[in-house]
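Undergrad: with the sequence up front, the predicted model follows.
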Amino acid sequence: MIIREIFIFVAAFAAFASAIAAYLAVFHGQVAVKEVLSTALAAVIGLYVGRYLQARLTHG
């Protein structure tokens with residue numbers, strides 16, 4: 001169970017970070033590591049908040 005959550009966290013973080021880096025590279029021409037990491041972390045936190053709310057709402 002914990003290994004699954006760690007895998008989800010790492011996979012989601014990598015996916016968000018690569019998408020953000022690609023966006024910054026294409027549309028802004030430069031990629032700041034601080035921006036990529038902080039935005040990816042915020043997105044992963046939002047993902048986990050959404051998963052938590054979904055689990056709470058389905059169980060009443």
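TA: Cool, got the structure.
Undergrad: burial count for V36?
TA: Residues near V36, counting by other C-beta atoms under 10 Å, number 20. The C-beta positions use only the backbone N, C-alpha and C, and glycine is treated the same way.
Undergrad: again, but for I6
TA: 10.
Undergrad: measure L47 to A15 for me?
TA: Using C-beta to C-beta, to the nearest Å, L47 is found at 10 Å from A15.
Undergrad: ignore what I typed, I meant E35.
TA: 16 Å.
Undergrad: in this protein, which residue is closest to the centre?
TA: V44 (3.0 Å; C-alpha atoms, centre = their mean).
Undergrad: host element of R51?
TA: For R51, the element it lies in under DSSP states H and E is helix 33-58.
Undergrad: now that helix: buried residues?
TA: If you call a residue buried by 16 or more other C-beta atoms under 10 Å, then helix 33-58 has these buried ones: V36, T39, A40, A43, V44, L47.
Undergrad: ditto for stretch 7-25
TA: A12, F13, F16, A17, I20, A21, L24.
Undergrad: setting aside sequence neighbours, what's the nearest residue to the fourth one?
TA: Put plainly, it is A17. A40 (4.0 Å; C-beta to C-beta, 6 or more residues apart in numbering).
Undergrad: give the residue spans of this structure that score low on pLDDT.
TA: Scanning the chain with the threshold set as pLDDT under 70 gives 60.
Undergrad: apply 80 and report the result again.
TA: 59-60 (pLDDT under 80).
Undergrad: and the helix or strand F16 falls within, what does it pack onto?
TA: Using DSSP H and E, F16 falls within helix 2-28. Judged by 3 or more C-beta pairs under 8 Å, 6 or more residues apart in numbering; DSSP states H and E, helix 2-28 is in contact with helix 33-58.
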